[in-house]
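Asker: heads up, no residue letters with this:
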């Protein structure tokens, strides 16, 4: 029986260049998806999956993230004085969401390096990884679906989805052995292959369960594509000593690091809102 997944790491050190100039003075992760910052959805998914401690790997200029999840005495006092209790409850709840720790990635050396920055918090137990650009709407939280499979196999678990040939070169792609309709044993993994070289159409997306052995591998792995320390390369090495499984999760993923994906997420989350959803739908029909 493996240890429960109670900790998570969320890399947030990226510069958000695809969203300039909006991200010149604020973190990309703080751009709102409908009524809350993208990073808040990620943390809420972690908490709804019984994760208790969260490490955010940040970089220079990311203080707004820390401020968002901290108490705001002036704002709380202002709302209390004006008896705006619903807004007050919303603000106070954010500060009480989780135990959040912060560590800095001093250089942009890739996802593998970002995860290794959190080693001192996570090194002795399995942990979850969330990529902040991947927002997943699902009945059962996507990371919970991975945890359920981890509880059966007690090894690293990757989230995957089917990817079209024209986009496959943007993903780490697995060579799968089918276990069930949604679970696969990973035979191999390739970082950003050409469509003609891809071992399948199953690309790895922003949810992982990793084991502590990954840190020793990351400390030795050479820089890969883009001159960065690639998590995919570390997982490929991990496969030599222990099994890795993949889960085709049930849910809809939005790539909020892409402008179109960001807009789709904002609109569709708003359409699901009880207060304005029907009004927005009427407006969009008029367009």
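Answerer: Yep, that arrived. Quantities reported herein were computed from a predicted structural model and do not represent experimental measurements.
Asker: tell me where the stretch 51-200 of the chain has helices.
Answerer: For the stretch 51-200 of the chain, applying DSSP state H, counting those that start in this stretch gives helices covering 63-68, 73-81, 85-95, 111-116, 119-122, 142-153.
Asker: can I get the ones you listed in a markdown table including distance to residue 45?
Answerer: The C-beta positions use only the backbone N, C-alpha and C, and glycine is treated the same way. What follows is the helices of the stretch 51-200 of the chain, written out as a markdown table (distance: least, C-beta to C-beta, whole Å):
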| stretch | distance to residue 45 |
| --- | --- |
| helix 63-68 | 16 |
| helix 73-81 | 25 |
| helix 85-95 | 15 |
| helix 111-116 | 18 |
| helix 119-122 | 18 |
| helix 142-153 | 6 |
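Asker: which stretch in these is the model least sure about?
Answerer: Note on the helices of the stretch 51-200 of the chain: helix 85-95 shows the lowest mean pLDDT, a mean of 68.
Asker: deepest of the helices of the stretch 51-200 of the chain, which one?
Answerer: helix 111-116 (a mean of 24; mean count of other C-beta atoms under 10 Å).
Asker: list the helices and strands that one packs on?
Answerer: Packing partners of helix 111-116 (3 or more C-beta pairs under 8 Å, 6 or more residues apart in numbering; DSSP states H and E): strand 7-11, helix 214-220, helix 231-238.
Asker: so for residue 101, which of the helices of the stretch 51-200 of the chain sits nearest?
Answerer: Closest to residue 101 of the helices of the stretch 51-200 of the chain, according to C-beta to C-beta: helix 119-122, at 6.0 Å.
Asker: that older thread, which of the helices and strands packed on helix 111-116 sits most buried?
Answerer: Highest mean neighbour count among these (mean count of other C-beta under 10 Å): strand 7-11, with a mean of 26.
Asker: now do that one against helix 231-238, angle only.
Answerer: Between the axes of strand 7-11 and helix 231-238, defined by axes from the mean of the first three to the mean of the last three C-alpha atoms, to 10 degrees, the angle is 140 degrees.
Asker: what angle do strand 7-11 and helix 142-153 make?
Answerer: Going by the same axes, to 10 degrees, strand 7-11 makes 130 degrees with helix 142-153.
Asker: circling back to that earlier point, okay, the helices and strands packed on helix 111-116 in TSV with mean pLDDT next?
Answerer: Shown next, in TSV, are these (pLDDT from 0 to 100):
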stretch	mean pLDDT
strand 7-11	94
helix 214-220	92
helix 231-238	93
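Asker: what does stretch 146-159 contact?
Answerer: Identification of contacts with stretch 146-159 by C-beta atoms under 8 Å, 6 or more residues apart in numbering yields 1-2, 5, 49-50, 126, 128, 142, 145, 174, 183, 186, 189, 204-211, 214, 235, 238, 242-247, 249.
Asker: inside strands: which ones of the residues you listed?
Answerer: 128, 174, 183, 186, 189, 204-210, 244-247 (DSSP state E).
Asker: are any of these buried, and which?
Answerer: 128, 174, 183, 186, 189, 204-210, 244-247 (16 or more other C-beta atoms under 10 Å).
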